[in-house]
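Asker: build the 3D model from these lines:
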Amino acid sequence: WSRGRSDWSGIAYALPPDEKEKFGSASVRALSRATVDGHAVTLLLVVPVSRALVQEYRDRTGIYLRPYFVIGAVKDRGGQIEIGRERHPQEPGEEIEKTFGKDQFGESLSGALAYLVVAPATNWESGVSQPHLLFLFDWSWAVASKQFLENSEMGVVWRQALKIVGITFLVLELIALLAAGWMTRAVTGTVHKLYRATEFIKRGDFSHRVNVRSHDQLGELASAFNEMSANIEVLLEERVVHERLEREVEIAAEVQARLFPGRVPDLISVEIAAECRAARGVAGDYYDYIEVTPGLVALALGDVSGKGVSASLVMSNLQATLRAQAAITAERLSMAERAVAVSAGDGSKVLARVMADADIEGAVSRKVTNINKQLCQSTEGNRFATLFLALYEDRTRTLRYTNAGHNAAILVRRDGTAERLSTGGMMVGAFDWAEYEEARTTLEPGEVLMIFSDGISEAENEAGEEYSEERIVNFTIENRALSAHDLRRVLFEEIDKWSGERERGDDQTLLIVKANE
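Answerer: Numbering: from 1, shown residues only. Sure thing, here's the model as predicted:
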């Protein structure tokens, strides 16, 4: 079977003479053919598996190898190894000889765990190669320890492997320690930075920031801390600005409170009550009652466009202009009386009164015209005001008025009927060419004059419904028997009840004149 082969190597075996012998004679063989000096040469190397070879292997490796060459081929049936018995089939009734009793050298096999070595083996006579059971080797912890401790090749391999594992473990442990130290330092360092940042915040320094480069949860915490500090810093700055503005508004409110009249003129025929409730600290509404001369009072209620400080400045301008006009009127009346007194002798008082009445005619419309021109010159084009201005003469109960774009004042008569006083013109401060009309009426005993701003009539409830001028008329008619001060108090209570929790949207101002009996 080896003819025609140039070389061959492997494990070969020869069948034993006795067919009942289960062991064969195994050997390691190598075949090589060559031509030397024109002659064909065949070289066959045969190394039998002898005691000497096995002992040499045991000494070199430390593995207790046992030769166990079984003639029967090894078969794999469903993952289970089966050793064939072709050389000596079992006869009926014949007991199967114990296969694993002794090795090929006759040495008894121990009961310890044994491992099989199965490899291809070639029948040297037929050339057929099949898997055969070639060797066995025992394994136990004692054998393993001996192999490890002895100076065999396997022991050297085991020790080298253990050294590599140990060195690898030490390196990994060192890396783990370094990583743990670095992580601990990073964590404690970040925590320390956060702690220092809290100390800055305790001192009120919100400009301090935590410098953290990590992108883990501590880094996110530091970023959140920096963002929180920045937000607090901005809020504190805004709070300072807000407090300064609030203080300025308080000062403006105090100044404005001094602009409202502090004393009600002493009149015999009427009772006067007024109040202004600002929507934003300072009001854009204005009311006033000025005693021009004894027994002659100017009544005014204005509403400047807008709210807050800017509206209050325009209101201050309006108040100053109105008082200047009242002073001019008072001076003119005084001059007229003095002139008549000088020229008329003993009949001066009667003549002075006639001249004064003549000068009062049209005085209200002239005042409103002058106020309009003054506001047009001193304020911006988008600033204007509505104004109800009247002159009341206590002796004759005469009321002269001009309504410059304001809500019509309500005059409730003794019989419960209501009149709207709307004669006048457009708002003041918008157009300097505007002209105004003047009307006159009288206040009889028990009658009520209700002058109000749109903050009263347009006050909304929770549903968004306005209080309306119609409700003001009905309220005044139903409560006309009350005094002026009680009317003011009860009406504001009614407005507050109507609005509920809703924020006041506009300044609310009332000026009430109640004619005495």
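Asker: CA only for contacts and neighbour counts going forward, please
Answerer: Fine.
Asker: domains in this protein, by residue range?
Answerer: Using automatic domain parsing, the domains assigned to the chain come out as 7-146, 151-259, 262-515.
Asker: would you list the ones you listed in a markdown table and tack on mean pLDDT, distance to residue 1 and mean neighbour count?
Answerer: Output for the domains of the chain, formatted as a markdown table (pLDDT from 0 to 100; distance: least, C-alpha to C-alpha, whole Å; neighbours: other C-alpha atoms under 10 Å):
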| stretch | mean pLDDT | distance to residue 1 | mean neighbour count |
| --- | --- | --- | --- |
| domain 7-146 | 75 | 6 | 14 |
| domain 151-259 | 79 | 38 | 14 |
| domain 262-515 | 87 | 115 | 19 |
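Asker: which other helices and strands contact the strand or helix carrying residue 241?
Answerer: Residue 241 belongs to helix 217-259 when assigned by DSSP states H and E. Contacts defined by 3 or more C-alpha pairs under 8 Å, 6 or more residues apart in numbering; DSSP states H and E place helix 217-259 against helix 153-202, helix 308-344.
Asker: surely residue 208 meets residue 197?
Answerer: Yes - between residue 208 and residue 197 there is a contact at 6.6 Å, judged by C-alpha atoms under 8 Å.
Asker: for the chain, just list every one of the helices.
Answerer: Along the chain, counting by DSSP state H, helices occupy 51-61, 141-149, 153-202, 217-259, 308-344, 348-360, 363-378, 454-457, 469-478, 484-499.
Asker: picking that back up, okay, the angle between the helix holding residue 241 and helix 153-202?
Answerer: Helix 217-259 runs at 10 degrees relative to helix 153-202, counting by axes from the mean of the first three to the mean of the last three C-alpha atoms, to 10 degrees.
Asker: bridge partners for residue 13, pull those for me.
Answerer: Listed by DSSP bridges, the beta-bridge partners for residue 13 are residue 26, residue 123.
Asker: wouldn't it be in contact with residue 26 here?
Answerer: Yes - at 4.3 Å, residue 13 counts as touching residue 26 under the criterion of C-alpha under 8 Å.
Asker: would you mind saying which of the helices and strands packed on helix 217-259 lies nearest residue 245?
Answerer: Smallest distance to residue 245 across the helices and strands packed on helix 217-259 (C-alpha to C-alpha): 10.2 Å, for helix 308-344.
Asker: chain center to the closest one: distance?
Answerer: 59 Å (C-alpha atoms, centre = their mean, to the nearest Å).
Asker: likewise stretch 393-410?
Answerer: The answer for stretch 393-410 is 57 Å, by C-alpha atoms, centre = their mean.
Asker: cool, and stretch 175-182?
Answerer: Per C-alpha atoms, centre = their mean, the centroid offset for stretch 175-182 relative to its chain is 37 Å.
Asker: any idea how far residue 472 is from residue 452?
Answerer: 9 Å (C-alpha to C-alpha, to the nearest Å).
Asker: no wait, residue 393
Answerer: Taking C-alpha to C-alpha, one finds residue 393 at 21 Å from residue 452.
Asker: export the helices and strands packed on helix 217-259 to TSV and tack on distance to residue 385?
Answerer: Formatted as TSV, the helices and strands packed on helix 217-259 follow (distance: least, C-alpha to C-alpha, whole Å):
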stretch	distance to residue 385
helix 153-202	50
helix 308-344	8
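Asker: and these: which comes nearest residue 33?
Answerer: helix 153-202 (34.2 Å).
Asker: tilt between that closest one and helix 51-61?
Answerer: Going by the same axes, to 10 degrees, helix 153-202 makes 20 degrees with helix 51-61.
Asker: what packs against helix 153-202?
Answerer: helix 51-61, helix 141-149, helix 217-259.
Asker: to residue 400, which of those helices lies closest?
Answerer: Using C-alpha to C-alpha, those put helix 217-259 closest to residue 400, at 23.9 Å.
Asker: now do that closest one: distance to the chain's middle.
Answerer: Here helix 217-259 is found 19 Å from its chain centre; the criterion is C-alpha atoms, centre = their mean.
Asker: next, the angle from it to helix 308-344.
Answerer: 10 degrees.
Asker: can I assume residue 33 is in contact with residue 7?
Answerer: Yes - using C-alpha under 8 Å, residue 33 makes contact with residue 7 at a distance of 6.2 Å.
Asker: mind listing the residues bridging to the closest residue in space to residue 35 that isn't next to it in sequence?
Answerer: With sequence-adjacent residues excluded and distances taken as C-alpha to C-alpha, 6 or more residues apart in numbering, residue 35 is closest to residue 41, at 5.7 Å. With DSSP bridges as the criterion, residue 41 is bridged to residue 34.
Asker: equivalent analysis for residue 392, please.
Answerer: Where residue 392 sits in a bridge, its partners, by DSSP bridges, are residue 297, residue 399.
Asker: for it, what are its contacts?
Answerer: Contact analysis of residue 392 by C-alpha atoms under 8 Å, 6 or more residues apart in numbering lists 296-299, 398-400.
Asker: between the residues you listed, which is closest to residue 164?
Answerer: residue 299 (108.5 Å).
Asker: quick one: contacts for the closest one?
Answerer: By C-alpha under 8 Å, 6+ apart, the neighbours of residue 299 are 287-290, 389-392.
Asker: from residue 334, how far out is it?
Answerer: 20 Å.
Asker: out of the contacts of residue 392, who's nearest residue 418?
Answerer: residue 399 (15.8 Å).
Asker: please tell me I have it right and the closest one contacts residue 441.
Answerer: Yes - here residue 399 reaches residue 441: they are 5.2 Å apart, a contact under C-alpha under 8 Å.
Asker: nearest residue to residue 363 other than its sequence neighbours?
Answerer: Closest to residue 363 by C-alpha to C-alpha, 6+ apart is residue 329, at 7.7 Å.
Asker: go on, residue 32?
Answerer: residue 7 is the one closest to residue 32 (C-alpha to C-alpha, 6+ apart), at 4.2 Å.
Asker: could you do residue 401 as well?
Answerer: residue 390 is the one closest to residue 401 (C-alpha to C-alpha, 6+ apart), at 3.9 Å.
Asker: list the contacts of the one you found.
Answerer: By C-alpha under 8 Å, 6+ apart, residue 390 lies in contact with 298-300, 364, 399-402.
Asker: same check, this time on residue 461
Answerer: So residue 461 contacts 467, 498-500, 502 (C-alpha under 8 Å, 6+ apart).
Asker: again, 10 Å this time
Answerer: 467, 495-503 (C-alpha atoms under 10 Å, 6 or more residues apart in numbering).
Asker: how much space separates it from residue 9?
Answerer: Distance from residue 461 to residue 9, by C-alpha to C-alpha: 111 Å.
Asker: ditto for residue 288
Answerer: From residue 288 to residue 9 the distance is 131 Å (C-alpha to C-alpha).
Asker: and of the contacts of residue 461, the nearest to residue 186?
Answerer: Among the contacts of residue 461, and counting by C-alpha to C-alpha, the member closest to residue 186 is residue 503, at 53.5 Å.
Asker: hmm, residue 460 and that closest one touching each other?
Answerer: Yes - the pair residue 503 / residue 460 is scored as a contact, 9.2 Å apart, by C-alpha atoms under 10 Å.
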